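Trainee: make a model of this:
(3 chains)
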Amino acid sequence: MDNIDKIFDSYVSQKLFKNKAILQSNYTPETIPHRNEQIEAVASVLAPSLRGEKASNLFIYGRTGTGKTLSVQHVGMKIISKLKEREQDNLKFIYINCKLKKVADTEYRIVAELIKELGGSVPSTGLPTDQVYSRFIDLIDGKTQVVLIVLDEIDEAVEKMGDNFIYSLTRLNSSLKNAQISIIGISNSLTFMDNLDPRVRSSLGEEELVFSPYNALQLQDILRERATQAFSEGVVDAGVIEKCAAFAARVHGDARRALDLLRVAGDLAEREGSKKICLSHIDLANQKIERDKVLDVIETAPKQFQLVLYSILELTNGESGVFTGDVYNKYQEICEKTKNDALTQRRISDILGEFDMLGIINASVISKGRQGRTREIKMTLGDQIKIKAREIIERSLGV
DNA sequence: AGGTATTCACATGAAACTATTCTCTGAGTTAGG
DNA sequence: TAACTCAGAGAATAGTTTCATGTGAATACCTGT
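Mentor: Numbers count the residues shown, from 1 in each chain, chains lettered A, B, ... in the order given. Predicted coordinates:
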């Protein structure tokens, strides 16, 4: 009882947060520090569209959390407000995130989404793709106008469905009489352009722009600005901002991660009933984020992956590594017990490789001489996470 | 002792198979004119 | 009559199996000293 009281008390009595939303990742700040150069570049590429001319296609690279999406959206907002101001109606700005599952991860859905954004509608299924295209053309070609299409995370889309949809989009201009479209592609991957059809590459990359990662000092500025808005005065201990920035800079200048870190640290401090956010909270927050990420992966993993992981969990009690064969035997045993079909060793080998990629296990190929060649598998997760992971798997398998 | 050859226990690749998801088409349905 | 919806055929895709080949070093087996 008194535990609950304590939780409530700490919530009521102290308010570390003034406005937590400011640290959430979907928040759009009015100012974007250290990105003036890029914003201006985007603006100057897109500016011709205000005069009704076709803007160059633009391609933007940069790691996650470098402000790509934010900057483009910022420019987009400005353009829209400019349009209102001048009472213009010959320009459309459409933003689509290609990564969103079930919304825009196929060619059909992307075009359907474009149509929806323009106020049209199409059935969610049942039409041939080229017909959707022609409907899209009908929709925009009705009058003279410029359409700016932002395709965020375009690399994901291309990975899923190949690059010919971009080609179709860029070629649409030739079948349009009145309207013109410009495409702004945003990608996280720097090498994305390299393995693209040359025709697509040249048309999409008329203008290119690179968003370099923030360094620690820039991250500090960003954090400081948001922190003053998000937290009440004087709750952020000295050095906290610096530490957050340093953590995030070490990964690769990911501002989103830095903000997450600060927010989670704030949460932890608040829950703990602390009056301040101090350095130790950052460490805890870092662990928590890491843990949540891993557990989320485990939770959403397919059943077979969970079974394999469960086998590994069963086997690793201690420092010494286990080998593929051990895991496979255990796995078969568990499959038998839980009435699941067991996969081949070949597949398990691949699954183990994938776990290694995800960083959930640490596997390295070693040769044991006459005892053959195998993977030596070690757990990298801490004990607490292991227990949690076990619970999750047991629940999802209904053991 | 030093050098080869063997051998283990999988790794790694390629191709074939399969179940599920997408796309497409035409028929049926609806609604508006 | 045009627009929409839907079911089912066919195509694409992801996950998996089958078959084949590759690998690094401990160990077994020579060989000549």
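Trainee: skipping adjacent residues, who's closest to residue A:31 in space?
Mentor: Sequence neighbours aside, residue A:225 is the residue nearest to residue A:31 in space, at 7.2 Å (criterion: CB to CB, 6 or more residues apart in numbering). Quick note: C-beta positions are derived from backbone N, CA and C, even for glycine.
Trainee: what number of residues lie near that neighbour?
Mentor: The number of residues packed near residue A:225 is 15, by other CB atoms under 10 Å.
Trainee: quick check: it is in a helix.
Mentor: Yes - assessed by DSSP: H, G, I helix; E, B strand; the rest coil, residue A:225 belongs to a helix.
Trainee: and it, what pLDDT?
Mentor: Confidence at residue A:225, expressed as pLDDT, is 88.
Trainee: for it, give me its contacts.
Mentor: Counting by CB atoms under 8 Å, 6 or more residues apart in numbering, residue A:225 makes contact with A:29, A:31, A:33.
Trainee: just the buried ones from those?
Mentor: Among the contacts of residue A:225, those classed as buried by 16 or more other CB atoms under 10 Å are residue A:33.
Trainee: let me know the closest of the contacts of residue A:225 to DNA strand C.
Mentor: Nearest to DNA strand C out of the contacts of residue A:225 is residue A:29 (CB to the nearest atom of the strand; 35.9 Å).
Trainee: quick one: classify that closest one as helix, strand or coil.
Mentor: coil.
Trainee: quick one, longest helix in chain A?
Mentor: Assignment by DSSP state H gives helix A:279-300 as the longest helix of chain A.
Trainee: what is that one packed up against?
Mentor: helix A:240-251, helix A:255-272, helix A:383-397 (3 or more CB pairs under 8 Å, 6 or more residues apart in numbering; DSSP states H and E).
Trainee: what about it, average pLDDT?
Mentor: Mean predicted confidence for helix A:279-300 is 89.
Trainee: again, but for stretch A:362-369
Mentor: 90.
Trainee: restricting to C-alpha, output it in CSV.
Mentor: C-alpha atoms of stretch A:362-369 as CSV (Å, rounded to 0.1, in the frame of the first residue of the first chain):
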residue,chain,number,x,y,z
ASN,A,362,27.7,-13.2,-29.4
ALA,A,363,28.7,-15.9,-31.8
SER,A,364,32.0,-16.5,-33.4
VAL,A,365,33.1,-19.4,-35.7
ILE,A,366,35.9,-21.4,-34.2
SER,A,367,37.6,-24.6,-35.1
LYS,A,368,38.0,-27.2,-32.4
GLY,A,369,40.4,-29.3,-34.5
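Trainee: quick one: distance of that stretch to the chain centre.
Mentor: Offset of stretch A:362-369 from its chain centre (CA atoms, centre = their mean, to the nearest Å): 33 Å.
Trainee: so does it get close to DNA strand C?
Mentor: Yes - judged by CB under 7 Å from any atom of the strand, stretch A:362-369 comes into contact with DNA strand C through A:367, A:368, A:369.
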